[in-house]
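K.L.:
All I have is the shape, not the residue letters:
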């Protein structure tokens, strides 16, 4: 990208705030997903981590304690590189 790293990181931070409840902007979350795909293809690990953190932040509080606990479990499984198990948890949450 032609933008400096710090500017791209600041944009990720702003998008993360916009995508986070209490009044999340779905377009901001969609932009984070698109950015994640772009940086993953380019091997930009540091920026990828910031985008992943921003996405996690907007998913942390659903307003339902049980769903929040399940999401936290899924995130921990992802952190532990247990992708298939995490996918099962997330799929279950989405089915509710």
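P.N.:
Arrived safely, thanks for sending. Given the structure is predicted, the values throughout are model-derived calculations rather than measurements. Numbering: from 1, shown residues only.

K.L.:
any idea how far stretch 35-49 is from the chain center?
P.N.:
Here the centre of mass of C-alpha atoms in stretch 35-49, compared against the chain's by CA atoms, centre = their mean, to the nearest Å, lies 12 Å away.

K.L.:
my bad, should have said stretch 78-85
P.N.:
A distance of 15 Å separates the C-alpha centroid of stretch 78-85 from that of its chain, computed with CA atoms, centre = their mean.

K.L.:
check contacts around residue 47.
P.N.:
The neighbours of residue 47, taking CB atoms under 8 Å, 6 or more residues apart in numbering as the test, are 5, 8-9, 12, 39. In this view, the C-beta of every residue, glycine as well, is placed from N, C-alpha and C.

K.L.:
got a winner among these for most neighbours?
P.N.:
The residue in these with the most neighbours, by other CB atoms under 10 Å, is residue 12 (24 neighbours).

K.L.:
So that residue is in contact with residue 51, correct?
P.N.:
Yes. Taking CB atoms under 8 Å as the contact criterion, residue 12 and residue 51 are neighbours in contact, 5.4 Å apart.

K.L.:
Name the residues contacting each of these two.
P.N.:
What both residue 12 and residue 51 touch, as defined by CB under 8 Å, 6+ apart, is the set 32, 35.
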